[in-house]
Structure formats: structure tokens, C-alpha cells
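# I would like the atomic coordinates for the input below:
(6 chains)
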Protein chains: 6
Amino acid sequence: MKRPVTLFTAQWADLPFEEVVRLAADWGFDGLEIACKTQHLDVDRALDDDAYLQGRLDLLERHGLKVWALSNHAQGQVVCDDPLDFRHEAIVGPRTWGDGDPEGVRARASEQLKKTARLARRMGVDVVTGFTGSKIWRYIAMYPPVPQTVIDDGYEDFARRWNPIMDVFDAEGVRFALEVHPSEIAYDSYTTRRALDAIDHREAFGLNWDPSHMLWQDIDPANFIVDFADRIYHVDCKDTRIRARDGRVGRLGSHLPWDSPRRGWTFVSAGHGDVPFEDAFRALDAIGYDGPISIEWEDAGMSRYEGAPAALAHVRSLLWDRPQAAFDSVFAQHDE
Amino acid sequence: MKRPVTLFTAQWADLPFEEVVRLAADWGFDGLEIACKTQHLDVDRALDDDAYLQGRLDLLERHGLKVWALSNHAQGQVVCDDPLDFRHEAIVGPRTWGDGDPEGVRARASEQLKKTARLARRMGVDVVTGFTGSKIWRYIAMYPPVPQTVIDDGYEDFARRWNPIMDVFDAEGVRFALEVHPSEIAYDSYTTRRALDAIDHREAFGLNWDPSHMLWQDIDPANFIVDFADRIYHVDCKDTRIRARDGRVGRLGSHLPWDSPRRGWTFVSAGHGDVPFEDAFRALDAIGYDGPISIEWEDAGMSRYEGAPAALAHVRSLLWDRPQAAFDSVFAQHDE
Amino acid sequence: MKRPVTLFTAQWADLPFEEVVRLAADWGFDGLEIACKTQHLDVDRALDDDAYLQGRLDLLERHGLKVWALSNHAQGQVVCDDPLDFRHEAIVGPRTWGDGDPEGVRARASEQLKKTARLARRMGVDVVTGFTGSKIWRYIAMYPPVPQTVIDDGYEDFARRWNPIMDVFDAEGVRFALEVHPSEIAYDSYTTRRALDAIDHREAFGLNWDPSHMLWQDIDPANFIVDFADRIYHVDCKDTRIRARDGRVGRLGSHLPWDSPRRGWTFVSAGHGDVPFEDAFRALDAIGYDGPISIEWEDAGMSRYEGAPAALAHVRSLLWDRPQAAFDSVFAQHDE
Amino acid sequence: MKRPVTLFTAQWADLPFEEVVRLAADWGFDGLEIACKTQHLDVDRALDDDAYLQGRLDLLERHGLKVWALSNHAQGQVVCDDPLDFRHEAIVGPRTWGDGDPEGVRARASEQLKKTARLARRMGVDVVTGFTGSKIWRYIAMYPPVPQTVIDDGYEDFARRWNPIMDVFDAEGVRFALEVHPSEIAYDSYTTRRALDAIDHREAFGLNWDPSHMLWQDIDPANFIVDFADRIYHVDCKDTRIRARDGRVGRLGSHLPWDSPRRGWTFVSAGHGDVPFEDAFRALDAIGYDGPISIEWEDAGMSRYEGAPAALAHVRSLLWDRPQAAFDSVFAQHDE
Amino acid sequence: MKRPVTLFTAQWADLPFEEVVRLAADWGFDGLEIACKTQHLDVDRALDDDAYLQGRLDLLERHGLKVWALSNHAQGQVVCDDPLDFRHEAIVGPRTWGDGDPEGVRARASEQLKKTARLARRMGVDVVTGFTGSKIWRYIAMYPPVPQTVIDDGYEDFARRWNPIMDVFDAEGVRFALEVHPSEIAYDSYTTRRALDAIDHREAFGLNWDPSHMLWQDIDPANFIVDFADRIYHVDCKDTRIRARDGRVGRLGSHLPWDSPRRGWTFVSAGHGDVPFEDAFRALDAIGYDGPISIEWEDAGMSRYEGAPAALAHVRSLLWDRPQAAFDSVFAQHDE
Amino acid sequence: MKRPVTLFTAQWADLPFEEVVRLAADWGFDGLEIACKTQHLDVDRALDDDAYLQGRLDLLERHGLKVWALSNHAQGQVVCDDPLDFRHEAIVGPRTWGDGDPEGVRARASEQLKKTARLARRMGVDVVTGFTGSKIWRYIAMYPPVPQTVIDDGYEDFARRWNPIMDVFDAEGVRFALEVHPSEIAYDSYTTRRALDAIDHREAFGLNWDPSHMLWQDIDPANFIVDFADRIYHVDCKDTRIRARDGRVGRLGSHLPWDSPRRGWTFVSAGHGDVPFEDAFRALDAIGYDGPISIEWEDAGMSRYEGAPAALAHVRSLLWDRPQAAFDSVFAQHDE
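Predicted structure coming up:
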């Protein structure tokens, strides 16, 4: 299907919003997936200050860009994460962090998410993408031993904290799309299944398909789409390049920087890695996904000013119209 | 080698012939592999009505299209198939089907094939592509048990029924090119070998190389070319995309429609699948094949109006001139 | 789990039943999965003639053999198969074949299956293993084109014909276990899913796990166990050896005999092929399967007198007790 | 080389030491790698109470068991881990945990490690195996973003805390062998390299080769031996079974219990998994390793009473004498 | 098939023949493939001195050992090799080397081969195994460039030198079996094909199947048997262990000694490597090979006194009787 | 990094230099890697005849071409090769070959190399690429047996012969870059390591990275760059296409011509083979390589007039700017 292609703005947060809008439009993107960073789209202000919001909308319209999704990954991350530390303080900003008392931070972040749903509604946007954090992610090594009761509690904690947020989403008619990702309550197929069970498969809570972390975990990104067909609410394209398995590079990244040639995998501009995008896009067609493809550019070895338009070109080359009839339906044509 | 590229018309039989000709010419094809459907090229009429035939030839010439092969897959299918059923009735048309008595149908279809050879000759075409059908294909599961004598008889039945047809081909100086394919007497390497043995390797009977059904059967399409070098009479390019092996998608298609994401493989526009076309075209160079490349478009996920020109572009990108000398022949250059 | 191991008698039908019993007992089998061949266990006679049945039971008891399942593959095959031909006549025997009128044959075979359930009940056996046949198997190549309505009708035909048989099974408290297999209504994962849907997942209808035909179709036999955990009613061990993929041996067997070195795969004594039996047996433990492992010996290159006891030894070497506690539960032991 | 084979006692800590000794001797082990659990070998008491220590030594001698290594994994774990939580409290025991103040716990655990070196010396044992913990393990997902300075500090923290412990090991002439493992400062090849750099490759600090966690991280266990030839101080054999990659089972375990068939890998008795033990043992021969092979039994699907002796048999089957001369040295034999 | 298993004596040439005979008999071998080393079996003397020969035969008979093949690899090597150097001098012995003039050496070696055929005949042995050498092997890198005429000449040189030797073999009714091997005129599939062409497929010249050098060259040893079915005259079992491909170990051995862990592959006792012996033995059954299996022990990491009997046990475990009937021939049993 | 791309002239030696310059400039190359063939760049004359040299330089400048490296592969080849034969005579030319006395040839070739360094200096060129030859390459099969002392001597011979040449390179401030290649002292990873050891890792001696011969030897070209980071002095791009492994095509080329479809691999225009150029170029960025990419065109199936510009286009498509900052460095942007 010839879907719209958007640019995810999180990796461009250091540039003025006007500049990002101009770049995206010049490169030919159809819209933006706007990360709710205060300097780009200040959620509080946008809800309080109509002129501010209208200014943003006018800017987008002037450049012919549309918005199908807002992102608020950072606020979502702290809702379940435990403990909270310097990393969280850096991403949520001082307004949410405040005095840093964990439950206070979590409460303020939850409010931000609810507000993001409200803002989405006002902007005519149906999806908010983001993270959930996780109370049990850090037990991933399973040593020292972790009883299953602790794991169970992690999923329940997630449901306890996210159900009230989802209530607001339901009220606004907006859906949340979790990016399945290490550090989150769901990071692979079976944790996604369990997380959806924990929250009773409520419709407000779905998934933002991003294949980049699936690949190195051996999760097939295309099958994931079919397996969770009714929960694919948004699509982010980030690519991952797997190094040749040499028995020395590891699966876990070895705490090495993203540009180290000794990592077992790293992120690259979409089209330069091993994600089977054609399989995935064909699967999106098959399940009837009707949203945009958003390009999340991350590549430690290529300038974003080359990577973003290249990714756009690559993605567009894989979007086409479906046939109007089965190819073998014409084999029985006879005009006698 | 920079060979001509043709479009196989079978998948376009619902369109007026004039429209197919126009499309092919506009897209830049060099010619057509014409499927002998009555509404496109009525064999009986073309042999009887010179004006009709000349009209066809004029139309092609006006658009600069040439013909290197006619196809008559449907008539060939019923020559050996047993039993004949509603599927055969649908593809052969009422003229051949008549009252549906099997031997009558087979006789009329055999006549059509002979006529196709005669028509080819009159059009200056040297090759007819097609199917043979098979009396033993349906025993493929080998359960309930099938004695080898029954298998042997299947190959003999094929030779008995096709030798008289090949006699006419010989008389006309036209060669038949079987598309190795499930449902046919030859569907993989060893059945091809056995079928050629059965018909005593008579020169009239050769092969239409189509890699699409080889791939999912683990047959290497490029090696196939070298192994059957003296029997490659025509080349059809249809591509097959193999799904990631997940232990659930099966090799046999699961009786699922072509666009199901749960199939283990499906057909796609040439260049979008796993057929090693570059290896194959290099092999065609190596064996000295001097015919055209014909594009058979089938893709349940892409419009034919995008798929056909894209396949043409892909195939053309893999056709080049061979070198005039060995690259290491110049290492001994000295001008002293 | 240390489960009982039985010998499936179908491949020994040429020997007197007494001889099979003696061999199985001597080799150390725990019991038999008895194929209901008239010369081994005549269903009609056993239901009518108490002395005959008691004789069979006494014979088994004398040799210390138990029965957990009866098999009636041949009768089941003709219930849905269409058309019926010389192959079916050979396997069902003259009593069922009669005059060969297809619906008559199907009706008599259905009766035999019901009787087999009754006999099982009388012998204290809870499972009947077997085949279903299929009206649509022969359309597997999907050419000439087959409309989806024809496929749908194939599954419905299966349900229509098997529901009345299953009613008798329900009445007797016996369950039917279909061996997923080419030629049957279910031959891979997605056809199994569809067949179970067609028959409304009624409890009487389950599966006889036999991995041998899964392997060459890329179906993971161990995952199959977990995916269909609640329908694994019996386990047959036949092994398949996959040849090195050389681009010439095909997946479909090339109509070659079982002992040809040019086949892409063939059956071998359990333990000599590529079936991941340890994974499978661990999966059986995981789903709580509590039945026997039955050895179905087929190997075109090894004498059955060597293959059967070797398979028994191999299977026994993979049966062990499960642990009483989690291995990491003892890491927190302190006696202070 | 025909090396001694020992049993690692950590997984048997729920049994009385006398029982473990008896079992190991009965099964034919040559000795024990004793985990310093208080109920098996109380380090404090053994250093203070000669009779107690002698009792332990006598018991071992009576059963013909030798000791080449002591283990103190649990105490090592808390030296660098941060934060400490309920999991650590469970494994270090109340004596080390005390009031739970982290720096106090770390200090007491460090003391225990020094004492373990002293005890090893008194028992004539040259190696202590164990864990180090890690301040940075929990940042493994690298999101929220972690500056490289934080990673650098993690390695420095490790060196700062372990150098004083290693000073005591040096004084006692005992070496520490870190088991490369998730949760530790070194868990793969490049983190091992970096950890050894951080501690200046001091000789006291080496490695306990345990392949089980290497496998699922794509680390080649045999190459690891050759790459770190001068730091392989001890060998633990635990095996890992990798599930068929089906695009759904994940590399990270999905927080699933060890016996779940939906995990991507799990531990199994040595010889039942995918560790290339023969390659590894040949590599040990090549680097001149002259210590024992210790069997660490963990298998969520097999009773330890079957798994331990089976692992011993498997390992013994891979220990043999090296040749006395090159095989091609005799090709030039002539007696003329 | 339960074939005899013999020990190839080349790797035991440093031991007295009596000792080798005793060892082989004690281990349970059925016979010897005797390498014609002067100290074991002096060809000249055996032809001249009846008592000597009878002594050898008596010794063998006393220990119950038979001989199906003599080997004379060393003499064959120098027939085509060019240049001859210190390596050849070492293996052919002073009698053949003489003054070292190349054509003289080649002539004397050719004589030795003819005599070996005569000796074989006198001993009732039908096969002589060996090498041919090659004039073109050393051009394997193809740089500096080598014209095809030079290659052609290499094959012709082989035919010129070996045809006269084969004439004697024909006269004696003995066949020569070339071990396909680097350094020889044939070292893989296509060079074997070309070598057989060069010598006009004369029946005297066949092959000694030894899979060890096929493996690292990607030649499938089992397919090789079927492809050259009519030329498999003898079978040598030497195994090769392929290291995990880590992108650093090379295919060519890196001029490293056989026991280096940095080689990409090395020889190991049969059963410890990657040769698919079961596939191969099944293929031998399929082609009707009726000779012995000879064990050629080479393993730089295992004592020959352990490796040889272990290889014997491994090979015997893969020899079994073939079935008397097709397994599915009994499915149609009915006693009605 | 957007590096310059040059054309290696060795495969164009049959054309006048002016023609090669014109073609390269027209196609858009940035410069040439000039092979010192007398008709292109006569080293002796260029050192003696300023006008000649200036003419060459002017010609290059007029076409906007730069030179970063001279090549003198042929002269280097004979420095260590032994024996020298017709192949060497063909490539070194009559001036070096003279009377063909081996030590004389080697001495003259060594002089040529020293002169090449001097010429490079005068042309402002810092690198000379080339071959070394090898005294031990021809023992690659290791049969007849080769003692390790002979191998050791081969490496020492290399150092003995090349150290004096390197002394001149040092004096001129020019570096030699060996192309790792069969026939040379270093042809894979471990021989490269050993060769560098032999020559004491002197800085003058480094490597010309050419991946084409690494691929079929299983050497990972990208890892090679990182492993030998401080010795990558130049980069040549030649590509290799690996045929599907069918168990018949061999790794060693079977003495078949480069265009045979029965070879296991062959050279192709860069971008048409299996070399992971993107991985390699990313690795070059990671190690800080700052030289050009030189295209060495060899393709037995494609005209060089199509292959060279296609390779240039392919290589350019993989050269891009690196990012100015880490992509995750902007996640902490807040403007509050």
C-alpha cells in the first residue's frame, strides 16, 4: 500500500522545531511523529495556550506535513522503572523529575501521558507512541535467583500503573502504542503476550512496531506483525545491522558504544541493516494496517542528514499498490 | 548478454490484446510471449484466416514488439492429467472440453498443440512453451502405497501421448519447452531427468526454465541451467519469496491463498524474491543460451501495473556484455 | 518422564501376531500399538467373538505387553479421499471395498472406525490412532487454479463425515488421534489448525504426533507439541533423514523409491534421522502428556530386526525423571 | 588428556555434605569443587576450628575425593553489585547481610573472599572460583542513555574493590577464577578483555571457563579458551540447549522459568545441549590446561540423580591421551 | 551391509609388522589395508622370495586377518609430481630415489606400482590404493596466470604416465584406486571427472573414497559416492573436524601444524569429525559396493591406541543389514 | 567517510596509458592506482628521464586524476617465489628476467621495488602496493609431509629478502602494502599475523586490504580490518561471488577457468559478489583509515567497460559522512 511516511523527531530534538519541519518537508516526508519534547511540542503549554498550539499546527500545514502520532517515550519510561536514577532524570526533564522522589516522579509522568492523550485528541491524532518502563527488566539475568512471584508482580505492577492512564486514553478515543524494547515491560514476543494478558487486552493499549530490537533477539519482525495483528497501532522503522557471528562479538552489546566495530549489532539507517522490511510491509498489508510508516533514524556511522532522506527513499521504494484481482483468476478467460 | 526481454501474456488475458500490446510497448519490453488464449491469439482462426493473423502481426510490428515464443500451457495440461475435472474444464475452454469425455478432451488438446506448432512456424517462431500434465502427479504423497510399476507407467504414458505431438513439432521445425512445475510430468531435477529419458531425449522436447517452483523445492535454478544445458529452450522469470522458516509455515502451501502471510512461500514480481537471477543469467551466458528473457508476472501483493515494469527494470539491470578477453590475459603486457 | 514404549504393528503385518508379540516382548517393549489388520486384530470378530478377543488379551498378558492405543489408519483414509482407486482397494481389504462404489466404501469404513472405538473401550484402550483422508489433498499444487470455495468445502466435507464417527467415540469415551500427514485433511501446522476449527475443536478429535512428515515440510515437531498441547493424544516415533541440500534433490521425493540416494529425504529408524527427539520429549514433559511413546519403524536401508530394537534403545535413552525442585532453589541454603 | 572430573556442589546444597560426598564417590567422580556454603564448608569455622576442617578432609579422603577448587560465588556477587536487594540477601546469608547496609555487606563479603583464599591455602587448593558482581550490568539495555563515563567507572569500581582481595590471594598463592556470566563485570569476550585490562592483567585474577552462558550470547566457548589461554584457571561444565529459532522464542529468556518450552534456551545436563565440548577439551589440551573438569549440573527437565552421573559419563568419554608423535612423522619409515 | 573393517597400516609404519598385526587382531579388525613399506611388506622381496611372502600370509592368517587391498601411496605420488624435492625423497625411500634424477625416480616408482599389482594378484588381492601425483597441482592459486593449455597438458601428462601402469594392472586383473586428495591429479569432484575423462574411463583406474579432504573443500562425500558409483573401488575412513567459522581460521590450513587450534579444520579419529558416515555408508549400500571399510587413523589430539579401536567401534555401529522387503509392501496385508 | 575512489590499472595494461586515463576520468574516478608496467609507467625511465615523468604527471593532472599508490605486484612476486618458472617470466618482463637465473631475477626484482619506492617519493605518493611471493606456498597441501622447520624457514626467507627492500622504503618515507593473497607469504589471518611477526612488525610493511581472496577462505574481510587496524595502508576492491554450495563445486577452483559455472567461486565486478563492502567501509571508518578506495576490476562474465563504472557507482553509494554527535546524545534535550 502506498502509505504516508513520517519522520520521528526524537533524534532531532537539538534542532529548532522549525528547522526539523523544514528539513522533513524538503526531503519529501508526508508528516511527523512528534516527540513531546518541550522545545518541540510542550504538552502543558499546548493544552493551555491555544495560540501556541495553533502556531505549531500552522507551521506544519504551511510545509504540508501531517501528524498521525505523538510520542512520549521518556515520560512513559519512568512509570514502572525501578529504581529511578540519573538516567531517568536526564530524559524526563526537571518538570517531571522535581525533587526526584520516585513515586512523585511516576505520578507526574503519568499525568503527562494523560495530557498527551488529550493533546492528541485536540490535534486530531489517534495514537500516542511510547514506553512503559518495567519493574522487573533489571532481573533479566535471573541471577541472583528471582522467584516467579516477583516476575508476576512485575506484570501486575505494570497493569496497576497503566490502567488509570489507559482510562484517560479511552475517554479521549486515543490509543497508546508501546514500542516493544529492552527496558520495557514487553521486549519480545512472549513478554508482549504476557503484558497484553496482564492488561486484559484492553483496546486502548497496543503496540508501536519497531523491528530494531527484535532482530538481535531473534524475533521475526514480520511474523510479529501477523501474530499481534489486532494490536499494531503504529509503525516505526529503525534498522539493525547484525555483524558476522565470529564467536567473539556478543549479543548483548558488551557495554560498547554504538559505533564500535566489536559490537554484535548496531543501529543503522533503514535499508542498511538486516530488517526484512519488504516482508514486514507485505505483512502490514495483509493485516490491513492503515497508518503511516515513521522513520526513526539512528546510525552511529552515517550523518543523519544523509541517513534520513536515504531511509525515506528506501521505504518509499517498498510501498506499492495491491492487485485488484488474484493473478490466477484470469487463467480461465475464453471468449468463445 | 544483452538479451531481449518479453512479457508473458497469460496473466493479462482479461485485457484486450491491443491493450496488452500497448502496455508492453510503453513499458519498454522488446516483445511478447503470447499465451494462445482465443481472445488474444485464436490458434484455429489464425491458421484459417490470414487477415486475422496478419492483423495480429501488424499490431505487434506497429508497437515494435517481437515474438520468440508462443505458450499453450492450458491445452498441454490435459494431455496427461488424470482424472480431468472442473479445473481442467475452466482452463481449456469449451472448444477443447466439448462433452468432457476424458480421451476426447485429450485428443482435442493434442490437436491444439500440433496446431500451435504450425502457427508458430507461420509466425516465424521457434519455440512453444507449455505444460504436459501428468498421470502420476497425484500420487506425490506415496500413501496409500504406490508400486513403482505405476510410476513407471506414468512416464510411459507421457511418452506415448507426447511423441505424436513432437512428431508434428519436428515436421514444423519448432521445439516444445516444458515448464518444470508441480502437476507436470517433470517438477524437479530427477523427474526432469527421468522425463527426458522417457522421451529418449528427442530434440524437439526441451525445457522452459522457470525458477519459481524450483526454489521452494530446494532446486538450485542456476545449476539446473548448467545440468540441462542442451535442453534450455526458453526462459521465464517469475520470482518466489521464501518466508523465514519459523517451524510453522509449511513447504506445501497449506492450501492457503497466495496472499496469506502464513504460507511458507509465495510468488512475487521478479527481483522481489529469492531467485538468484544474477547466477542464473551468468549460467545462461555460460551455456550459450541465445533466446529472450520472458517476464511472467505473478504477485499477490503488488499491482501488475507496478510489478511488470519493475520486473523489466530489474531484469535489464542484470543483462550486460561479456568481456572480450580474460582479465588475467593482460598481466603479461610489456612493451620492452 | 520414564514413559512406556510400544511397538506399532503396521509394518509387521506380514508376520503372525504371535510372532510380533514375541519379538516385541523379547526386545523389551512395554506394549503394542495394534494396527487393526484382520490377521492381527480383526475388529468385527473381536466384537462378536469373546473367546477370540480374550485370546488376544491373554497372549499380550503372557508376554507382559500392554495396549494404550489401537490404530486404524487404512479405514480412515477412505472416509474423505476422493477419488478412491486401486491404492485404496489394496489397503482397506475386500470387506470394506466390496463393490468399490465410493460412497459405499466410505460408509463401510466409517462403520469400521466406530467399531474400533467400541473395541478399544472393551479392551480398556482410550485412544484410536489413524488417518482421515482428504477431498482436497490432490489440489495441493494449486494448478490448474482452485477457488477458495473448493478448499473451504474440503474442510466442511471432513467435518460432515467425521462428526458422526466422533459421536460414537464420545459415547464410548474414546478419543481419535489423527496422524498429521500428507494425503490427510491436516498435514502441517496451519492445516491442522484449520481442521480443528472445522470440527469445532471437539474433544474427541485430537492428534497422533508423528514427526516424520513434519521435518521435510519445515514444521518444527517440538513446537508443534506445544502449539497443540491440548490435542496431543498419542505419540508415534518415526524418523526422517534429510539429505544435504545440493540443489538437485527435491523436497517432494521425485516419485523415487524410499531407498533411492537421490531422494531429498527418507524415513529411517528412530535415532538415525534429524527429528529432534530430545526437544520433543522435553516438550511432551512440559505439556503433561502422560501416554506411551510408540515406535513406528520404517527404514528402507536397515533391517527391521535391527532397526526396531535400536529405536527402542534410542528412545529409552531419552526418557528420564524430571527434577523434584528448581535447580536454583537451593542457592539460598544457609544453616546459620 | 585424561583429567580428573569433579562435581560442583552448589546445586546440592540442600543435602547433607556427607550425602553429597557419598553420591559423588559412588558415581565415580574424582573430587569436588566445594561451594562454601556454611552447611557444607563453613569458611569461618574451618579457619578457626582445626577439628572441623580435619573432619571435612577426612570425610573426603575416606571416599577418595580430592579438591582442586573452592567456590564462593555468592559472596563475590555482592562485592560490586548495585543496588543490593532481596536477591542478594537470600544468597549471602545473614552473617554477611547483617543490617543490609550496602557498603557493610560489601565489606563483609570481601572479607569472606579473603578468608576463602586462606582456607584454600590451608586445604592445599590453588583456585577459588566465583563471581564479582557489577555496578554497570543493569545498564545493559543502554536505554535510558548511559554515558561512556559511567561505563568506564563501572570497570574502575570493579578494580578498586577487587584489587585488595587479590592482594590477599597473591599473599596466599591462590588464584581467583571468575565465571564469565551475565550479572558480572565480564559476561562475554570483549567485557572479559576490558575487565582484565581494568585489573592490569594481574596474575591472581583469571577465569573459570563455563560455556553455558557463552552459547546463547554467540560466544564460541572453544575459541574463548584459546583467546584467554593464560587466564583459564578452572573449568566448569554446564550445558545449554538452544531451541530452534522460530522467530518467537527470544534470546533474553522472556522472564520465563527455566523449564518453559517457550524460552529460547535453557540449561541442561552436560552432553544434552549445544556446547561443543570436544572442541573445548581439545582446546584445553592445546593451551596446556592441567586442572580438573568440574561438572555443574543444572537441568530443569531432568532429575539431578540421573543428570549428574550422565554428565560424568559424557565428559569422561571425551577425555583421552594425546599422541606421542605426529601422525605424518612415520610416513618416511624405510628399513633399507 | 555388515562389511568387513580393516586397518590401514600407513600410520603404524614405525612399529614392527607383527605388532601391528597383533594390535589389529586384538582390537577386532577383520583385516589390513597394507601400506607397502619395506619393513612391513617389501614388494620386491615378496615377489622374489616365496618364503617371505608366505611368512606374511601365515602371520595374517594366524591372527585371522584378511587383505582386500594393498596401498602404495608414496610411489604413486612421484609419478606425476613436478618438481620432485626433499619431501619426495623422504617418502619413496632410497631404492626408488636413487640419484634423484626426476625421470629416473618416476620410472622406478612406476615399476614399483606395476610390481604392486603383481604382488596383489599373487596375494589374491584385487585392489591397490594410492596416489598419482600431479604436474599442475602447484598452480592451484592460478597466479601468476596459468594458460588453460598448461592445465590441459597436466591431465595429458597424467594419462601418458599412468596408462602403461594401468596396462599391467589390467593384465593382472587388479584395479587401482586413487585417493582423491590435494597434491593429486584429482582432488575434488570436477577434477575427478576430468581425470577420468583424461584416462578414458578405463576400468582399471578407479577411486579410493576417502572423505577427509572432501569435507573442507565443500565436497559432499555421500553424493560423491553416488556420482562416481561405478568407480568406487575401495573405502578409507578418515575424519575431519571443521572448526566453527569465526572469520579468522582459514580453509587452507595457514601452514599450521595439525594440532593447532587456529587451523580451520584438522583430521580426527573417525566418528569425532563432521564426515556424514551414515549417509556415506547408506550410499555405499545403494551403489552396491561390496568391499571393506578401511580405517585410516589420523588425529593430532588423540593417541592412536585409543583412536583406532574407537574408530572401529564407531564404524561397526553404522553397519547393518538391509531390509528384505519395502516397509510399505506389508500395508496391504489382509487374511480375508 | 566520503573517500576518493581510484581505478587500479593492472587489468587495463593492454590499452595505452592515455586511454586508461581518459576512461577513468570520464567515468568519474578521482585517481589511479598505477601498476608499474613499462608501457604505463616505466620505473627506470621515470627515475632517469624527468620529462617522461612530468609528462605522466601532466597527463594525470589534465584529467583531474590523483595518485595515492603505485603498484608493483609482478616484481614482488618473484622475490620469494621458488621455483621460478614460465609464469614468472611472463609477468616480470625481459628486463628483470634476463637469463632467468633465479637469484639474479630475485635481485633485479628487489631493485625494481626499491626504485618504485623512490619513484613514489618523487611523485608524492606514500604507498606502494604489491606481492611478496613465498618460498613455502607450494607446500600448502602439507603432503608429502613438510616439517615445521621448513615452514619456519619460509617465513625467515621472507624477512631476509624483504628487510633490505623495506630499508629503502623507510629511507624514502614510503610504505609497502602487501595484498594478502594465495601464492604470497600471507594469504589469510594467521599467516598475516605470522608474516608480520617475522618482519618484526616494522612500520614500513603493511597491508593492501583486498577482500576477494578472503571470502572463499572464510576470512571475514571486515574483521580483518579491525584486527590489523594499524597495518591497513591501502584498500583494493575486488569482489567474489560464492556459488551455492552443492557438494560438487569445490573451494579450490578445480583448475577451471574463471568463467566456468562449475567453479565454487569467481571474481566479479564490485557489488556483484558476496563481499560485505558496507561492513568493511564502516570498519575502515572505525579504524580511521584515511586513504582511497581503489577498484580492481576482474569479472569473467562482464565487460570491463560496464564493470568498472558500475563498481565505481556501487562503491560511491557506500561512502557517506559520519555523524557529528551520538544519536542518543539528544534524548536529554529540555528547554525548561
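# Which neighbouring elements make contact with the biggest helix by length in chain A?
Ranked by number of residues, the top helix in chain A under DSSP state H is helix A:148-172. Using 3 or more CB pairs under 8 Å, 6 or more residues apart in numbering or on different chains; DSSP states H and E as the contact test, the elements touching helix A:148-172 are helix A:73-80, helix A:102-123, strand A:175-179, helix A:189-198. Just so you know, the C-beta spots here come from the backbone N, C-alpha and C atoms, and that holds for glycine as well.
# and the longest one, what other elements does it pack with?
So the one you mean is helix A:102-123. Helix A:102-123 is packed against helix A:43-48, helix A:50-62, strand A:66-71, helix A:73-80, helix A:86-97, strand A:127-130, helix A:148-172, with contacts defined by 3+ CB pairs under 8 Å, 6+ apart.
# Take these and write them to TSV, including mean neighbour count.
Formatted as TSV, the entries for the helices and strands packed on helix A:102-123 read as follows, by neighbours: other CB atoms under 10 Å in any protein chain shown:
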stretch	mean neighbour count
helix A:43-48	17
helix A:50-62	13
strand A:66-71	24
helix A:73-80	26
helix A:86-97	19
strand A:127-130	27
helix A:148-172	17
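# of all the ones you listed, which lies closest to B:Thr240?
strand A:66-71 (34.0 Å; CB to CB).
# can you pull the pLDDT of A:Asp335?
With respect to pLDDT, A:Asp335 scores 63.
# whoops, I mixed them up, A:Phe327
Turning to A:Phe327, the model gives it a pLDDT of 84.
# Now do the same contact list for the nearest residue to it once chain neighbours are set aside.
Using CB to CB, 6 or more residues apart in numbering or on different chains and skipping the chain neighbours, the partner closest in space to A:Phe327 is B:Glu298 (4.4 Å). Applying CB atoms under 8 Å, 6 or more residues apart in numbering or on different chains, one finds that B:Glu298 lies in contact with A:Phe327, A:Asp328, B:Gln11, B:Ser212, B:Lys238, B:Trp258, B:Phe267, B:Val268.
# Distance of B:Glu298 relative to F:Val79?
B:Glu298 sits 59 Å away from F:Val79, taking CB to CB, to the nearest Å as the criterion.
# Please apply the same query to A:Val92.
In this view, A:Val92 and F:Val79 are 66 Å apart by CB to CB.
# Make TSV out of the helices and strands packed on helix A:148-172 and add mean pLDDT.
Below are the helices and strands packed on helix A:148-172 laid out as TSV (pLDDT from 0 to 100):
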stretch	mean pLDDT
helix A:73-80	98
helix A:102-123	98
strand A:175-179	98
helix A:189-198	98
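# Now tabulate the ones you listed in CSV and tack on distance to E:Asp26.
Conversion of the helices and strands packed on helix A:148-172 to CSV gives the following (distance: least, CB to CB, whole Å):
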stretch, distance to E:Asp26
helix A:73-80, 70
helix A:102-123, 76
strand A:175-179, 69
helix A:189-198, 57
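# Would you mind saying which of those lies nearest D:Ile165?
The closest approach between D:Ile165 and any of the helices and strands packed on helix A:148-172, judged by CB to CB, belongs to helix A:102-123 at 33.4 Å.
# what's the angle between that closest one and helix A:86-97?
Using axes from the mean of the first three to the mean of the last three CA atoms, to 10 degrees, the inter-axis angle of helix A:102-123 relative to helix A:86-97 is 60 degrees.
# So which bits of helix A:102-123 are buried?
Across helix A:102-123, burial judged by 16 or more other CB atoms under 10 Å in any protein chain shown covers A:105-106, A:108-121, A:123.
# Same question for stretch A:297-311.
Using 16+ other CB under 10 Å as the burial criterion, the residues of stretch A:297-311 that qualify are A:297-302, A:304, A:306-311.
# And those, which is closest to chain E?
When the buried residues of stretch A:297-311 are compared for distance to chain E (CB to the nearest CB), A:Gly301 comes out closest, at 19.6 Å.
# Can you name the residues of the stretch 151-300 of chain A sitting close to chain E?
For the stretch 151-300 of chain A, the residues found near chain E under the criterion CB under 8 Å from any CB of the partner chain are A:Ala244, A:Asp246, A:Gly247, A:Arg248.
# So which of those residues would count as near chain D as well?
With CB under 8 Å from any CB as the criterion, the subset of those in contact with chain D comprises A:Asp246, A:Gly247, A:Arg248.
# So the residue in the stretch 51-200 of chain A positioned nearest to chain C: helix, strand or coil?
Closest to chain C within the stretch 51-200 of chain A is A:Pro145: 4.2 Å, counting by CB to the nearest CB. Secondary structure assignment for A:Pro145 (DSSP: H, G, I helix; E, B strand; the rest coil): coil.
# do A:Ile185 as well
When the structure is split into helix, strand and coil by three-state DSSP, A:Ile185 lands in coil.
# now it: how far from E:Thr149?
Distance from A:Ile185 to E:Thr149, counting by CB to CB: 71 Å.
# A:Ala313 now?
Between A:Ala313 and E:Thr149 the distance is 51 Å, computed by CB to CB.
# For the host helix or strand of A:Val315, which outside residues touch it?
Using DSSP states H and E, A:Val315 maps to helix A:304-316. Residues outside helix A:304-316 that contact it (CB under 8 Å, 6+ apart) are A:5, A:7, A:11-12, A:23, A:27-29, A:237, A:239, A:269-272, A:277, A:293, A:295, A:297, A:299, A:302, F:320-321, F:323, F:327.
# Kindly report the same for stretch A:96-114.
Contacts with stretch A:96-114, where a contact means CB under 8 Å, 6+ apart, come from A:36, A:43, A:72, A:75-80, A:82-84, A:88-89, A:92, A:95, A:128, A:130, A:161, A:164-165, A:168-169, A:176.
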